[in-house]
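Engineer: no FASTA, just this:
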């Protein structure tokens with residue numbers, strides 16, 4: 001059986017399964033209040049933009065993968081679309097990220113959002129390696 005994780009069909013680029021440190025970064029934007037994409041507050045979109053730009057500034061050849069909840073931030077938002085190296089990946093449920101990992105099971109988020117986020121971080125890094133950077137963090141220097 002092929003143990004390489006499959007990618008959702010809506011991804012524009014696939015995260016690499018083996019990476020050189022500092023070349024692949026991940027983040028997640030999920031909310032319990034689905035707001036239609038045009039109504040997402042500008043400050044949230046700008047935060048995502050600053051997050052991605054800070055990574056790419058310090059790692060110009062990096063691939064930055066931002067998982068977003070379908071119906072919230074649009075991959076075509078002009079603040080994000082213009083960032084070379086940023087891959088905005090819409091997902092419908094965090095279980096998509098858990099697939100192909102030891103955490104893959106019928107997933108019912110019973111924990112706090114922080115606990116669910118921790119599980120997603122582990123699953124993403126398990127599948128693709130790389131570096132996880134929370135979206136409320138801004139890099140002030142390269143990750144070594």
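Structural biologist: Yep, that arrived. Keep in mind the model is a prediction, meaning the values are calculated, not measured. Residues are numbered from 1 along each chain as shown.
Engineer: and the helix or strand that contains residue 57, which residues are buried?
Structural biologist: When elements are assigned from DSSP states H and E, residue 57 belongs to helix 42-58. Buried residues in helix 42-58, counting neighbours by 16 or more other Cβ atoms under 10 Å, are found at 45, 48, 49, 50, 51, 52, 53, 54, 55, 56. Yep, even glycine has a C-beta here, placed from its N, CA and C like the rest.
Engineer: Next, work out how far apart the nearest residue to the fourth one once chain neighbours are set aside and residue 58 are.
Structural biologist: Nearest non-adjacent residue to residue 50, counting by Cβ to Cβ, 6 or more residues apart in numbering: residue 138, 5.8 Å away. Residue 138 sits at a distance of 10 Å from residue 58 (criterion: Cβ to Cβ, to the nearest Å).
Engineer: now residue 119
Structural biologist: On the measure of Cβ to Cβ, residue 119 and residue 58 end up 28 Å apart.
Engineer: neighbours of residue 96, just the number please.
Structural biologist: Number of residues near residue 96 (other Cβ atoms under 10 Å) recorded here: 18.
Engineer: For burial, what's the neighbour tally of residue 99?
Structural biologist: A total of 14 residues lie near residue 99 under the criterion other Cβ under 10 Å.
Engineer: before we move on, the earlier item: other SSEs contacting the helix holding residue 57?
Structural biologist: In terms of contacts (3 or more Cβ pairs under 8 Å, 6 or more residues apart in numbering; DSSP states H and E), helix 42-58 is packed against strand 24-29, strand 63-69, helix 78-81.
Engineer: how far does that helix sit from the chain's center?
Structural biologist: 13 Å (Cα atoms, centre = their mean, to the nearest Å).
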